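Asker: pasted the sequence and its predicted model underneath.
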Amino acid sequence: MKLRTRLVLSYLIVVIVFAVGMLLLVEIVGRRITEHDLASADRSVDAVAQANLRLSENVLGRYGEEFVFLQGQLVASRLSAMLRGRNLTEYAALRRDEALRATATPDMLTYDGTRAGYCDLIDSRGVSVLHPNREVEGRNFRDWQGEYPKMWEMVRRAITAKDGSVVRGYYSFLDRDNRSKKKYMCILPVPDTPFFVCAVVNIDEYFTPVHAKIRAASASASRQGQRDILDRTEKSTAAMRYIVLAGSVVLVLIAGGFGAYLARTISRPILKLRDGVRRIGEGDFSISVGEGGIPEIDDLKKSVNRLGRQLTDYTTNLTREVQARQAVESELSVASRIQQSLLPHTFPPFPEHREFSLHAINRAAKQVGGDFYDFFFVSPDRLIVLIGDVSGKGVPASLFMAVTRTVLRIVCVHQPDVARALTETNRILCRDKDTDLFVTVFLACYDIRTGRVEYANGGHNPPFLLAPDGRCTPLAKPGGLILAIDPNEIYETNELTLSPGQTLVLYTDGVTEAMRPAQEPYGEQRFAALLQTLAGREMTDLCDAAVRDVMAFQQGRQFDDITLLAWRRET
């Protein structure tokens, strides 16, 4: 929809809203008048209904009391005849007689058949003999003396009276919903027996049917009055509607003409702005919209022109940055391939040697990293195995890693003692280093014939020794300092002998310091427990499973390089 059309419609909508508002006002006033008249009629009808209800309460109250007495008297007479000649002490036999039970515990019904009470039978001690609720039978009414003192007082008076008089009266009783009910009870002696009939009725329930009829009549009268009032109000409201509608039509015609003129004045410069913005969206940032006119629209024109110039400058700078980033990413890709080529990646590395098996994995956190591993023979029987971790990440760490690996290879070939080799490497790195980088290194020399391992540790995580039965223990960590810090550091040689089937697992801190998003570290204990479950597996499976577990623990958020190297003595 065009802007001009929207503006015209906006004026028409204002007028229509005004007209609708007037109609609503008429409706509201009419409704208020109607409500006032209806309320007056309702109050009159309600006053008459309440008077009738009060009258019915007095009449029905007396009627209900007399009905209860007569019903109880009838039950007592029938029971006297049915109990004649029977053993009146065998309550169990009496309770099994269903005909006797039906006679002694009939329902008290209203005129429309609604149950409003019941009868029950008690003995001269106040014990319930027959009751509609069989759970009450056998209990003494004295048990409820605390809860219903008025009820018990009537029972006590009846069973202690010497003249066989009838006891009647009201008491309050709580129903199953814990609501208070006003009940009327009439206690009559059963002639020629030690029993008494208790006729109990909820007097309020006698009122319900009559009250319903009174209310229905009141509602009918109220509805008729409301119809009369509504008819009169509707006629007067309809007349007001016609007046408001006629005035609204005139206002719509006037507003339509004025809106068309004003819309044409406002829409022209905005349409020019629309064309300018469209050309900017199509990539023509050199567009310039003529300035001038309404101040607010003129400010918008200046903003569009300024946006075109800024986008031109931004596009130029963005092109340069993209080209520079592509160049850096290309160089990083080359550096990553070079770094990976420095690490041994052919497994198994020495298929001709059946004395041991070895596998390693390096997973960099960025394109290039600082973790590294290496293994090579310095004699036919002596295998050098090492793992290291350079502080930091990225290109500087990868370059320092390459230097450290190269120095270690050169030094280990000429120096058979691992501690001296590590000491010499540290001295060279400290001498030639002009950065604040440092590196941790674990260096080991393995005799493939005897399984003897000589190792020196330069501040690196101690490896785990994994037995075939799953026992996993860390090697004792020597007190060697990390490399490239102190050129005078002297490292110590430690040794152990691998038994057939034992595995030495080397790793970097990217394994144990891996973090979940909730900042929970992976930890050495978790890693040791995992290795116990992997004992006996091939080296490839062990390394792959361990790295997968660490990566899954981080939930796709790898913050540090992960490197793992494991070798096992086979024979």
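Answerer: Sure thing, it's come through.

Asker: for the closest residue to residue 547 other than its chain neighbours, which three-state class applies?
Answerer: Spatial nearest neighbour of residue 547, excluding adjacent residues (CB to CB, 6 or more residues apart in numbering): residue 361 at 5.3 Å. Any C-beta I mention is one placed from the backbone N, CA and C, and that applies to glycine too. Judged by DSSP: H, G, I helix; E, B strand; the rest coil, the three-state class of residue 361 is strand.

Asker: what is the neighbour count of residue 361?
Answerer: 18 (other CB atoms under 10 Å).

Asker: what's the spacing between it and residue 145?
Answerer: Going from residue 361 to residue 145 by CB to CB, to the nearest Å gives 87 Å.

Asker: and for residue 498?
Answerer: With CB to CB as the criterion, residue 498 and residue 145 are 92 Å apart.

Asker: between those two, which one's more packed in?
Answerer: Neighbour totals were compared for residue 498 and residue 145, and residue 498 leads with 20 against 15 (other CB under 10 Å).

Asker: touching, residue 18 and residue 252? I think so.
Answerer: No. Residue 18 is beyond contact range of residue 252, at 9.9 Å (criterion: CB atoms under 8 Å).

Asker: just the CA atoms of stretch 147-166, as PDB, please.
Answerer: Output of stretch 147-166 as PDB, limited to C-alpha atoms (Å, rounded to 0.1, in the frame of the first residue of the first chain):
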ATOM      1  CA  GLU A 147     -18.100 -33.000  70.200                       C
ATOM      2  CA  TYR A 148     -21.900 -32.700  70.400                       C
ATOM      3  CA  PRO A 149     -22.900 -32.000  74.000                       C
ATOM      4  CA  LYS A 150     -26.500 -31.000  73.100                       C
ATOM      5  CA  MET A 151     -27.100 -34.200  71.200                       C
ATOM      6  CA  TRP A 152     -25.800 -36.300  74.100                       C
ATOM      7  CA  GLU A 153     -27.900 -34.300  76.600                       C
ATOM      8  CA  MET A 154     -31.100 -35.200  74.700                       C
ATOM      9  CA  VAL A 155     -30.000 -38.900  74.500                       C
ATOM     10  CA  ARG A 156     -29.300 -38.900  78.200                       C
ATOM     11  CA  ARG A 157     -32.600 -37.300  79.100                       C
ATOM     12  CA  ALA A 158     -34.500 -39.900  77.000                       C
ATOM     13  CA  ILE A 159     -32.800 -43.000  78.400                       C
ATOM     14  CA  THR A 160     -33.000 -41.800  82.000                       C
ATOM     15  CA  ALA A 161     -36.700 -40.600  81.900                       C
ATOM     16  CA  LYS A 162     -39.000 -42.800  84.000                       C
ATOM     17  CA  ASP A 163     -42.300 -41.700  82.400                       C
ATOM     18  CA  GLY A 164     -41.400 -42.700  78.800                       C
ATOM     19  CA  SER A 165     -41.700 -39.100  77.600                       C
ATOM     20  CA  VAL A 166     -40.500 -37.900  74.200                       C
END
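
Asker: off-centre distance for it?
Answerer: Its chain's C-alpha centre and that of stretch 147-166 lie 63 Å apart, by CA atoms, centre = their mean, to the nearest Å.

Asker: quick one: buried residues of it?
Answerer: 148, 151, 152, 154, 155, 158, 159, 166 (16 or more other CB atoms under 10 Å).

Asker: columns secondary structure on top of the residues you listed, output as JSON lines?
Answerer: Listed next are these as JSON lines, based on three-state DSSP:
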{"residue": "148", "secondary structure": "coil"}
{"residue": "151", "secondary structure": "helix"}
{"residue": "152", "secondary structure": "helix"}
{"residue": "154", "secondary structure": "helix"}
{"residue": "155", "secondary structure": "helix"}
{"residue": "158", "secondary structure": "helix"}
{"residue": "159", "secondary structure": "helix"}
{"residue": "166", "secondary structure": "coil"}
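
Asker: from those residues, which single one is nearest residue 432?
Answerer: Relative to residue 432, the closest of those is residue 148; by CB to CB it sits at 104.3 Å.

Asker: quick check: that closest one vs residue 200, distance?
Answerer: Residue 148 is 12 Å from residue 200, by CB to CB.

Asker: could you do residue 189 as well?
Answerer: In terms of CB to CB, residue 189 sits 16 Å off from residue 200.

Asker: got the CA coordinates for stretch 458-473 in CSV?
Answerer: Taking Å, rounded to 0.1, in the frame of the first residue of the first chain, the C-alpha atoms of stretch 458-473 are listed here in CSV:
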residue,chain,number,x,y,z
GLY,A,458,61.2,-31.2,33.0
GLY,A,459,58.0,-30.0,34.7
HIS,A,460,55.7,-32.2,32.7
ASN,A,461,52.7,-34.2,33.8
PRO,A,462,53.9,-37.6,35.2
PRO,A,463,52.9,-40.4,32.9
PHE,A,464,50.6,-43.3,34.0
LEU,A,465,51.8,-46.9,34.3
LEU,A,466,48.9,-49.1,33.2
ALA,A,467,49.0,-52.8,34.1
PRO,A,468,47.3,-55.6,32.1
ASP,A,469,44.8,-56.1,35.0
GLY,A,470,43.8,-52.4,34.9
ARG,A,471,45.8,-51.1,37.8
CYS,A,472,46.8,-47.5,36.9
THR,A,473,49.5,-45.5,38.9
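
Asker: going forward, begin numbering at 138 instead of 1
Answerer: Shifting the count to begin at 138 puts that one at stretch 595-610.

Asker: ok now that stretch, how far from the chain's centre?
Answerer: Computed by CA atoms, centre = their mean, the chain-centroid distance of stretch 595-610 equals 43 Å.

Asker: quick one: average pLDDT of it?
Answerer: Across stretch 595-610, the average pLDDT comes to 96.

Asker: please list the residues outside that stretch that contact it.
Answerer: By CB atoms under 8 Å, 6 or more residues apart in numbering, the surrounding residues in contact with stretch 595-610 are 524-526, 559, 563, 576-580, 611-614, 617-620, 628, 633, 638-646, 649, 664-666, 668-673, 703.

Asker: wait, a strand at residue 642?
Answerer: Yes. Counting by three-state DSSP, residue 642 is part of a strand.
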